[in-house]
Each structure stands twice: as C-alpha cells, then as structure tokens.
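Asker: Using only what follows, build the 3D model:
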Amino acid sequence: MPTKNIRLEVMQAIEPQVEGFMESFLIPIEDIWQPSDFLPDSENEGFLDAVADLRGESKELGYDFWVTMVADTITEEALPTYESWLMDVEGIDQHGENKTNGWSKWVRAWTGEENRHGDVLNKYLYLSGRVNMREVEITTQHLISDGFDIGTDRDPYKNFVYTSFQELATNISHKRVGQMAKKKGNVLLGKMCTIIAGDEMRHHLAYREFVKTIMGEDPSGMMLAFADMMKKKIVMPAHFLRESGGTIGTAFENFSNCAQRLGVYTAQDYIDILKKLNAYWQIDSVRSLSDEAEKARDYLVKLPDRLQRISERIQHPQDQYRFKWVEANGMV
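Answerer: Below you'll find the model as predicted:
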C-alpha cells in the first residue's frame with residue numbers, strides 16, 4: 001500500500017481522539033486570556049497615562065532585546081501561512097462531509113489561540129515607541145508573502161514532528177524574553193511573554209501526544225518521518241525572514257546570531273529539545289520496527305551526541321548587526 005494511504009488511514013483511525021486532545025490542551029475561548037488583559041485600556045480615562053508608563057518602562061530594554069521582540073512578533077504575525085500549511089496536510093480535511101472533523105477543528109482552534117500572541121506583541125511594540133513599526137510591518141508582509149518550506153510536504157507525521165519541536169523552541173524563546181524583561185523591571189512585559197510561553201508549552205504537549213499516538217499505530221512510518229526531519233534539520237517558521245530591500249533569509253540568519261548571543265534560543269537548546277523528544281517518545285525502546293526504521297532509530301539515538309560535538313566546534317558571530325526595525329531609534 002502506498003505510504004500516503006497508510007498515513008491517511010492512521011489519521012482517520014485516531015481522529016476520534018482529537019476531541020479529547022482539544023479538551024486537554026486547549027482552553028475555552030471564554031476563559032482564556034486576551035490581549036486587552038495586558039494592554040492599557042483605551043476606554044479608560046487614564047489610558048494616556050498608562051501608555052506613558054509603558055513607554056517609560058520600555059526604555060530600560062536594550063538593542064538586542066528589541067531585535068528579539070520584533071523577530072518573535074513577526075514570527076507570530078505570520079500565522080496565516082502556518083494555518084494554510086496545516087490545513088493542506090494529508091488527513092486534515094475541511095471540505096464536504098469532513099469539514100467538521102477533529103483534525104480541522106484542532107487546526108482552527110489552535111490558530112485562534114496562536115492569533116492572540118501576534119496581536120498582543122504587535123500592540124505592545126506600537127505603544128512602546130522603541131521600534132520602526134513600518135519596517136516591522138514590511139518584514140511581516142514579506143514573510144507572509146514569501147511563505148515557507150519546512151521540509152514536511154503534506155505528510156502529517158513529519159508535520160507533527162515539526163510542530164512538537166517548534167512549539168517547544170518558541171516556548172523557550174518567549175520564556176527567556178519574559179525573564180529578561182522582568183529582570184529589567186518591566187513586570188507587565190515579563191508577565192505577557194511568560195503567559196505566551198505557557199500557551200506554546202500546551203501546544204507542544206499536544207503535538208508530541210499526536211506523535212506518540214501515531215507511533216503506536218505505525219511505529220516504522222513515524223520513526224522514519226522523525227529521522228527524516230532531523231536529517232533535514234528543524235528550521236524555524238520565520239527562516240525566510242527579510243528586511244525591506246533585502247533577500248529571503250538574510251534577516252533570519254542575523255537574528256539567529258543575535259538570539260544565540262543573547263541566550264534566548266541557542267544551538268544547545270536545539271540539542272536539548274531533541275533529547276526530550278527522544279526520551280518522551282521512548283525512541284530507544286519502540287518495538288515492531290522494519291529494518292529501515294531500525295536504522296532510523298539508531299540515527300536518532302546517536303544524533304544528540306553528534307550534534308553536541310559539532311556545536312562545541314562552531315564559532316558564532318559576535319558582531320552586532322544593525323536591523324532597520326530598531327536602528328531608526330538610534331539605540332545601542
């Protein structure tokens with residue numbers, strides 16, 4: 001039977017469980033936080049005073065911090081690309097009789113939760129007065145227009161491996177940005193980034209559960225998909241990031257160097273996430289594997305140590321690239 005058909009059968013077989021995953025890992029709309037819970041209330045007479053306080057607190061945060069905040073915001077704002085990609089995955093069908101199936105309901109509900117992140121971060125950046133919003137907006141439009149290619153095609157196994165990895169990476173980034181803000185005395189921004197990180201962790205837990213469930217149905221297929229994704233390397237969803245007048249990907253490379261230097265998201269984090277996924281999915285003890293999948297398992301078990309050795313030899317650029325997003329304010 002063709003690989004695609006096996007994957008479709010597995011997706012259909014576990015679809016009834018998705019409703020339970022939504023109850024476990026998503027929060028009802030009426031109960032979850034909204035951006036207005038953190039931002040100055042525009043209906044309040046003290047709105048302008050609250051904005052002045054926000055702007056005053058934001059002055060204590062340095063150049064690298066704002067570059068990271070902008071890149072995190074743009075990544076979240078490119079959500080239309082991610083939803084359209086996931087809706088096209090094999091087995092996630094929103095058409096005809098399948099339009100209300102569990103998988104498509106999950107993607108829409110997940111998108112609804114994620115949408116709040118870009119919303120609140122964008123408004124905070126705008127009110128802070130610390131960045132060139134037009135340059136930020138140009139980069140966001142470029143990122144959505146350019147799309148992305150994360151190496152998964154329409155394969156649900158590979159897509160769920162990717163989201164399991166990427167959601168935890170995003171959790172780490174937002175959490176550390178929040179810690180940095182709090183250390184500088186910006187309690188509001190610290191709390192905001194921390195609660196976003198909490199959302200990302202819930203989503204990570206859900207996607208890793210999807211993979212675990214599929215591993216129980218088709219262990220060889222999932223093992224091969226996991227190994228294939230790690231061979232390609234997990235690229236971040238904003239890997240096509242560029243500034244106005246720039247070429248695809250150049251801004252992301254410069255941002256990655258900034259995040260590494262700042263300790264927001266590092267090569268070590270990449271290795272640690274792989275270790276955690278290997279452990280949770282019990283890669284070293286999965287049974288009933290084909291010969292090819294056994295080789296894939298061997299690759300995955302040895303990969304963290306291999307990446308560790310490579311990481312120790314890499315020299316990361318220490319020079320501070322000047323982004324148009326923040327440069328206009330003359331910050332140092």
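Asker: Could you report the neighbour count for Arg309?
Answerer: Neighbour count for Arg309, taken as other C-beta atoms under 10 Å: 9. Heads up, the C-betas are built off the backbone N, CA and C, glycines and all.
Asker: For Met331, report the pLDDT, please.
Answerer: We note a pLDDT of 49 for Met331 in this prediction.
Asker: do the same with Gly185
Answerer: 90.
Asker: Touching, it and Glu60? I think so.
Answerer: Yes: with contact defined as C-beta atoms under 8 Å, Gly185 reaches Glu60; the gap is 6.1 Å.
Asker: where are the low-confidence patches of this protein?
Answerer: Scanning the chain with the threshold set as pLDDT under 70 gives 1-4, 96-99, 316-319, 327-332.
Asker: Phi, psi for the residue sitting furthest away from the middle of it please.
Answerer: Computed with C-alpha atoms, centre = their mean, the residue of the chain farthest from its C-alpha average is Glu45, at 36.8 Å. Phi and psi for Glu45, reported as degrees, to the nearest 10, are phi -60, psi -20.
Asker: What spatial separation is found between it and Val51?
Answerer: With distances taken as C-beta to C-beta, to the nearest Å, Glu45 is found 13 Å from Val51.
Asker: Run the chain-centre distance for the helix or strand hosting Ile14.
Answerer: Assigned by DSSP states H and E, Ile14 falls within helix 3-14. Going by C-alpha atoms, centre = their mean, to the nearest Å, the spacing between the C-alpha centre of helix 3-14 and its chain's C-alpha centre is 26 Å.
Asker: Could you do stretch 37-54 as well?
Answerer: 29 Å.
Asker: May I see the buried residues of the longest helix along the chain?
Answerer: Counting residues, the longest helix found in the chain (DSSP state H) is helix 187-217. Buried residues in helix 187-217, counted by 16 or more other C-beta atoms under 10 Å: 188-190, 192-197, 199-211, 213-215.
Asker: got a list of contacts for stretch 235-248?
Answerer: 71, 74-75, 78, 81-82, 135, 138-139, 142-143, 146-148, 150-151, 166, 169, 249-252, 255-256, 323-325 (C-beta atoms under 8 Å, 6 or more residues apart in numbering).
Asker: hmm, try it at 6 Å
Answerer: 75, 138-139, 142-143, 146, 148, 150, 249-252, 324 (C-beta atoms under 6 Å, 6 or more residues apart in numbering).
Asker: Ok, stretch 140-154 next?
Answerer: 74, 77-78, 80-81, 88-90, 158-159, 162, 232, 235, 237, 240-242, 248.
Asker: Please consider this matter closed, and thank you.
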